[in-house]
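Student: could you work out the structure for the sequence below:
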Amino acid sequence: MCGRFTLTAEVSELQQEFSFANFAHEFSPRYNIAPSQPVAVIANEADYKVDFFVWGLIPRWAKDTQIGNRLINARAETLAQKPAFRGPFRYHRCLILADGFYEWKKDNGSKTPMLIRLKSQKPFAFAGLWDTWQSPDGSEIRSCTIITTPPNTLLASIHDRMPAILDSTDYLTWINPAPVSPNEINHLLRPFPADEMIAYPVSRRVNDPQFDDPQCVIPLAG
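Tutor: Next up, the predicted model:
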């Protein structure tokens, strides 16, 4: 599961890593992004515009928005079978921009939040799915979910799942605007190499989404 993440990089750094994208929005550093909040997304649409979608997928057929609270993650192994994900997997894929994520490690009966990043400290993208939900009054909500995979060897000691982080060479394949067969892209959803990542404990203040500041990402002393 991925329940919190960060996007603290400067826009200039994001533009360098995602040079194909159209950055039309201002960005503020986010140190503790939580479900139901807006997240930066590049959807598989022709203009590759960076936009903000609600985190928690609301399928277009949903009766109300509450289902999004249960669909913040989607298991890579069952995307083609689950009704909420089957259509988006074929037609509505996206990159969800990030530069770190949190998981909670069980330790002597307590849980310690761990921040996981790339050793390079560069921003990256989760593989995501998106959809558009229309309310009875005609307004629309665009929402998304983060795909997860089994853990790599670094994450295995922390949690039994990890977000699907895409290799940068696979970004444009994942957000191809054309419909894609699951068999053509399943291989992109694999655990990211453990030797390219780091993990360290941080303050329990990240347990509360009201805290969204640099203190969230500072390594614990000792």
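
Student: and stretch 158-168, end to end?
Tutor: Length of stretch 158-168, first residue to last, C-alpha to C-alpha, to the nearest Å: 25 Å.

Student: doesn't Gln15 lie inside a helix?
Tutor: Yes: counting by DSSP: H, G, I helix; E, B strand; the rest coil, Gln15 is located in a helix.

Student: for it, which non-adjacent residue is spatially closest?
Tutor: In this structure, Gln15 finds its nearest non-sequential neighbour in Phe23, 5.6 Å apart by C-beta to C-beta, 6 or more residues apart in numbering. Where C-beta positions appear, they are placed from N, C-alpha and C, glycine not excepted.

Student: which helices and strands does the longest helix belonging to the chain pack with?
Tutor: Counting residues, the longest helix in the chain under DSSP state H turns out to be helix 83-91. Contacts defined by 3 or more C-beta pairs under 8 Å, 6 or more residues apart in numbering; DSSP states H and E place helix 83-91 against strand 124-134.

Student: got the buried residues for the following helix or strand past the strand it packs on?
Tutor: Using DSSP states H and E, the helix or strand that follows strand 124-134 in sequence is strand 140-149. For strand 140-149, burial by neighbour count (16 or more other C-beta atoms under 10 Å) applies to Ile141, Arg142, Ser143, Cys144, Thr145, Ile146, Ile147, Thr148, Thr149.

Student: picking up where we left off before, can you list the buried residues in the longest helix of the chain?
Tutor: Ala84, Phe85, Arg86, Gly87, Pro88, Phe89, Arg90.

Student: just stretch 95-106 next, same as before
Tutor: Leu95, Ile96, Leu97, Ala98, Asp99, Gly100, Phe101, Tyr102, Glu103, Trp104.

Student: now tell me what touches the least confident helix or strand in the chain by mean pLDDT from outside.
Tutor: In the chain, no helix or strand scores lower on mean pLDDT, DSSP states H and E than helix 182-185, which sits at a mean of 92. With contacts defined as C-beta atoms under 8 Å, 6 or more residues apart in numbering, helix 182-185 is touched by Leu79, Ala80, Phe89, Arg90, Arg93, Thr173, Trp174.

Student: list the buried ones in it?
Tutor: Ile185.

Student: so where do the helices sit in the protein?
Tutor: Counting by DSSP H, the helices of the chain are 11-17, 83-91, 171-174, 182-185.

Student: hey, least reliable of the ones you listed by pLDDT?
Tutor: With a mean of 92, helix 182-185 has the lowest mean pLDDT of the helices of the chain.

Student: just the CA atoms of it, as PDB, please.
Tutor: The C-alpha trace of helix 182-185 is given here as PDB (Å, rounded to 0.1, in the frame of the first residue of the first chain):
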ATOM      1  CA  PRO A 182      -2.700  -5.100 -20.800                       C
ATOM      2  CA  ASN A 183      -0.300  -7.700 -22.200                       C
ATOM      3  CA  GLU A 184       1.600  -4.900 -23.900                       C
ATOM      4  CA  ILE A 185       2.400  -3.000 -20.700                       C
END
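
Student: which of the contacts of helix 182-185 are buried, as a PyMOL select command?
Tutor: Applying 16+ other C-beta under 10 Å to these leaves a buried subset, and the PyMOL line that selects it is:
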select buried, resi 79+89+90+93+174
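
Student: nearest to Ala127, of the contacts of helix 182-185?
Tutor: Taking C-beta to C-beta as the measure, Ala127 sits nearest to Trp174 out of those, at 6.0 Å.

Student: which residues are in contact with that closest one?
Tutor: With C-beta under 8 Å, 6+ apart, Trp174 has these contacts: Asn44, Arg93, Leu95, Ala127, Leu166, Ile185, Leu188.
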